[in-house]
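Q: can you look at this prediction? I've put the sequence above it.
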Amino acid sequence: MIGRSFEQQELRRIYNSSESEFVMIYGRRRVGKTFMIRDFFSEKFTFSCTGIAKGDRTEQLANFRAELARKNDSAFPTLSNWMDAFAALRALVEKSREKRKVIFLDEVPWMYTQKSDFLKALEHFWNSFATTRKDIVLIVCGSASSWMVKKMSKDRGGLHNRITLPLKLQPFTLKETREYLLSRNIRWDDKTIAECYMSLGGIPYYLKMLDKGYSLAQNIDRMFFSKTALLKDEFPNLYASLFRDSRQYIKIVEILAKKKVGYTRDEIVQKCKFKDGGSISEKLDDLEECGFIRSYTSRGKVGTLYRLSDFFTLFHFQFLKKGSFGDEDYWMHMQGTPSYNSWKGLSFERLCFAHLQQIKHALGVDGILTKAFAYHSDDTQIDMILERGDRNVNILEMKYCDGPYTITAAEAAKLKNRRQTVSRLYKKRMAFSTVLVSTEGVTQNQFASELIQRTILINELFNL
């Protein structure tokens, strides 16, 4: 298994516990939750069941019954409701001679159908049975992260404070992506891996489809633009699998894809033209919990801003939605075009935000309290300001270039203005420095030596 060291450590601790444990694992679809659980436990479950996408209550119960029947030697009766289902599961556990009874319920949001008593039955199973024993490890898993948090972690009913280990599985980092590609004998340089990340994100399911015999551009064409492209319909399927009314969620991310700095809640309501503005906050929370958007504070604009953060979603709206017009080599032909170069610059900024910890490590401030935010006003935009507990402020500039970044006189004027703007934000005395995060460094000239105090190269984002 690549990465997931912390998660494996926690699962090992839970398995070796002397108490019954209730584990909740959630995270973006395709991020590898099921693989991690099945690999860690080597498929040795007392019972496991996966919910059926778009299945009704009868179908979910029939599926649960079928999995129970696999564990029983005799014929198994039909289940009329979820209370019967968990009563049967209890009987199965009581017969088991395994030291630790590991129960794995995958995609539980799909099991929870309309007017379902699933959660009530699950609560009863845990509270009246599992907690009276010391040998049960109950693992619930789901891709609808917002549902998992609301219904399981923050539940006010019988499951309140029952989760003993919540684990949110994140996409791979750049370092883990490189390790995964190497495990598949794909040996690309760091810049190519970064561009791969900027297209697909650190999603193992997508990375698994890359073929070592092709270049990155050829792989993208194979996956998205060829006549037999396996991921041609991935975007609508992804959102439909997570949200009951996916159209409104897609409308929100489509709006956010049009503006780099993002929009406030009120601006999103206005631009989406939703009749029910009251539900927008819940949808924004859902999208953020699932990792598609990120909320942040801008010093130059009042209120919270929401920004698209998912790499694949941005890639979809930049290129996939516009269509390839039947060109099976579309991505190959896009290389070097203005649209392609603009996308690289925009996506590279998101890459840096996703690797803030690596940037802090490169600056040597891992153990220092920091606060990252942006600044946006009518005349000035700053990608990231890193306020540090040691009375230093870093102004970060992020530049994706096919060679060293050259600071012209016009660009130097912008950098000076940004530094002056930041210095006016602080009444107390602070030290200010400009940090350039770049693919291939900076051309040394009079402007670079005067204005850039530290350069972070792309390979430094692979350090953690």
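A: Everything's here; your move.
Q: the most centrally placed residue in the chain: which element?
A: Among the residues of the chain, the one closest to the centroid is residue 291, at 4.1 Å (CA atoms, centre = their mean). Using DSSP states H and E, residue 291 sits in no helix or strand.
Q: give the contact list for it.
A: Going by CB atoms under 8 Å, 6 or more residues apart in numbering, residue 291 touches 27, 28, 145, 170, 171, 309, 310. In this view, the C-beta of every residue, glycine as well, is placed from N, C-alpha and C.
Q: in strands only, show me the residues you listed.
A: In strands, judged by DSSP state E, none of those are found.
Q: keep only those of those residues that are in helices.
A: The helices, defined by DSSP state H, take in residue 145 from these.
Q: check which residues of stretch 381-390 are buried.
A: Neighbour-count burial for stretch 381-390 flags 381, 382, 383, 384, 385, 386, 387, 388 (criterion: 16 or more other CB atoms under 10 Å).
Q: then stretch 420-432?
A: Buried-residue list, stretch 420-432, by 16+ other CB under 10 Å: 421, 422.
Q: from start to finish, how long is that stretch in a straight line?
A: Stretch 420-432 stretches 10 Å from its first residue to its last (CA to CA, to the nearest Å).
Q: in the stretch 101-250 of the chain, which spans are strands?
A: Using DSSP state E, counting those that start in this stretch, the strands of the stretch 101-250 of the chain run over residues 101-106, 136-142, 165-168.
Q: save the ones you listed as a markdown table, and put in mean neighbour count, distance to residue 45 and mean pLDDT too.
A: Below are the strands of the stretch 101-250 of the chain laid out as a markdown table (neighbours: other CB atoms under 10 Å; distance: least, CB to CB, whole Å; pLDDT from 0 to 100):
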| stretch | mean neighbour count | distance to residue 45 | mean pLDDT |
| --- | --- | --- | --- |
| strand 101-106 | 21 | 5 | 98 |
| strand 136-142 | 24 | 9 | 98 |
| strand 165-168 | 18 | 17 | 96 |
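Q: out of those strands, which comes closest to residue 368?
A: The closest of these to residue 368 is strand 165-168. By CB to CB, the value is 25.0 Å.
Q: other residues contacting that closest one?
A: Residues contacting strand 165-168 (CB under 8 Å, 6+ apart): 7, 10, 14, 21, 22, 23, 24, 25, 26, 27, 145, 153.
Q: can I get that strand in PDB, CA atoms only?
A: C-alpha atoms of strand 165-168 as PDB (Å, rounded to 0.1, in the frame of the first residue of the first chain):
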ATOM      1  CA  LEU A 165     -12.300   6.700  15.300                       C
ATOM      2  CA  PRO A 166     -13.200   9.100  12.500                       C
ATOM      3  CA  LEU A 167     -10.800   8.900   9.500                       C
ATOM      4  CA  LYS A 168     -11.100  11.200   6.500                       C
END
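Q: among the buried residues of stretch 381-390, which lie within strands?
A: Judged by DSSP E, the subset of these located in strands is 381, 382, 383, 384, 385, 386, 387, 388.
Q: what's the lowest-pLDDT member of those?
A: Within the set of these, pLDDT is lowest for residue 383 (83).
Q: which helix or which strand is home to the residue lying closest to it once chain neighbours are set aside?
A: In space, and not counting its chain neighbours, residue 383 is closest to residue 398: 5.1 Å by CB to CB, 6 or more residues apart in numbering. Secondary-structure element containing residue 398, defined by DSSP H and E: strand 392-399.
Q: mind listing what residue 85 touches?
A: By CB under 8 Å, 6+ apart, the neighbours of residue 85 are 61, 64, 65, 68, 79, 121.
Q: I am finished for the moment; much appreciated.
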